[in-house]
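Q: what follows is a predicted protein model with its sequence.
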Amino acid sequence: MITRFVKAGIRAVAVALLIAMPAVLLPGYAADAAQITALLALVAALLTFVEYVGDYPSILEFRDAPPFNRLRFLALFSTVLVLTLICRGESYPTAVSQMLTAFGGKVGGWLDFPFSPVRLMVLLATDDMSAQDVERIRTHAGLAYVISLLSMLAFVLVVRLLSWPVRNGAFNFWVNLPLFDPTIGKDVLYRLNRDGNVNVALGFLLPFLIPAIMKLAAQTINLVSLTEPQTLIWTMSAWAFLPASLVMRGVALMRIAALIEQKRKRAYAEAEAEVQTI
């Protein structure tokens, strides 16, 4: 029980740090905005603590199937941290911020080719933005997209090479998929594979669709706000993280479907063998 409390507390603190990071590290943050950020961080930490300290699941998927959620959190935390350090380096340059800026500029330049997701994000720049603002968007988009790709690759390797999620024991379907009811609708294998394919497809399409939607909604969304560091950080982080998270979820669902299918085949083979022996 104590171990569970400690682990839940560590996760809650990590989530709070993630949300508060840009407000804490970036200079010139207003007091009112800081209070709102602190409130959001506190609420997110409380929800995370309640989710992990309880015996029964609520809404969080793959709670007891590490490292799925750990990889997703690490990807988002790394993205926000890197982009925040780059923005902070514009006012308080350090060796780390200069290195990240230089690396991000190269990565953004490599990925800024016609019809690429990074190019679509760069095209969101308005005429009011300076060349420095456009370069900042390119750098942030390139780094965020690379981190998302690395997180997806890491999870695929975990699934393929480390036999996720059964390497450390049996997979509890109800605990890890609390919102999925296997008793309704069509066969569970069909639904898992369908949902998995939909998630993967959306994950690959969203990096292209999100910039297009933002461009279409430019009349109601002030794209000039992308010059504001925190808006830029959270926009790029969400743009890169949400598709990667969907792809990882799709891969996970299809992996669970494959495990269920293998178990069914073994059960059918054992039943047939028993019939033949009789």
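A: Sure thing, it's come through. Residues are numbered from 1 along each chain as shown.
Q: count of neighbours near residue 24?
A: Residue 24 has 14 neighbours, counted by other CB atoms under 10 Å. For every residue, glycine as well, the C-beta is placed using N, CA and C.
Q: and the gap between it and residue 77?
A: 14 Å (CB to CB, to the nearest Å).
Q: next, give phi and psi for residue 129.
A: Dihedral angles of residue 129 (phi, psi; degrees, to the nearest 10) stand at phi -80, psi 150.
Q: and the pLDDT for it?
A: Note on residue 129: pLDDT of 87.
Q: for it, which non-adjacent residue is spatially closest?
A: residue 227 (6.2 Å; CB to CB, 6 or more residues apart in numbering).
Q: so who does that neighbour touch?
A: Going by CB atoms under 8 Å, 6 or more residues apart in numbering, residue 227 touches 129, 133, 136.
Q: who wins on neighbours among the residues you listed?
A: Counting neighbours by other CB under 10 Å, residue 136 leads the contacts of residue 227 with 26 neighbours.
Q: so what's that one up against?
A: By CB under 8 Å, 6+ apart, the residues touching residue 136 are 227, 232.
Q: number of residues surrounding residue 163?
A: Residue 163, neighbours per other CB under 10 Å, totals 12.
Q: look up how far residue 163 lies from the residue nearest to residue 129.
A: Here the criterion is CB to CB. By it, residue 227 lies 47 Å from residue 163.
Q: likewise residue 43?
A: For residue 43, the distance to residue 163 - CB to CB - is 37 Å.
Q: ditto for residue 240
A: 28 Å.
Q: hmm, residue 98 is touching residue 86, no?
A: No. Contact criterion CB atoms under 8 Å: residue 98 and residue 86 do not qualify, at 9.3 Å.
Q: which of those two has more neighbours?
A: For residue 98 versus residue 86, neighbours defined as other CB under 10 Å are more numerous around residue 86 (25 against 12).
Q: what helix or strand does the more buried one sit in?
A: Assessed by DSSP states H and E, residue 86 sits inside helix 68-89.
Q: same check, this time on residue 97
A: Counting by DSSP H and E, the element that carries residue 97 is helix 95-111.
Q: so how far is the helix or strand following that helix from its chain's centroid?
A: Counting by DSSP H and E, the next helix or strand C-terminal to helix 95-111 is helix 117-122. Remark: helix 117-122 is offset 19 Å from the chain centroid, using CA atoms, centre = their mean, to the nearest Å.
Q: how about stretch 270-278?
A: 47 Å.
Q: one more: stretch 59-71?
A: Centre-to-centre, stretch 59-71 and its host chain are 12 Å apart (CA atoms, centre = their mean).
Q: show residues contacting that stretch.
A: So stretch 59-71 is contacted by 51-52, 57, 151, 154-155, 158, 164-165, 168, 171-172, 175-179, 248-249, 252 (CB under 8 Å, 6+ apart).
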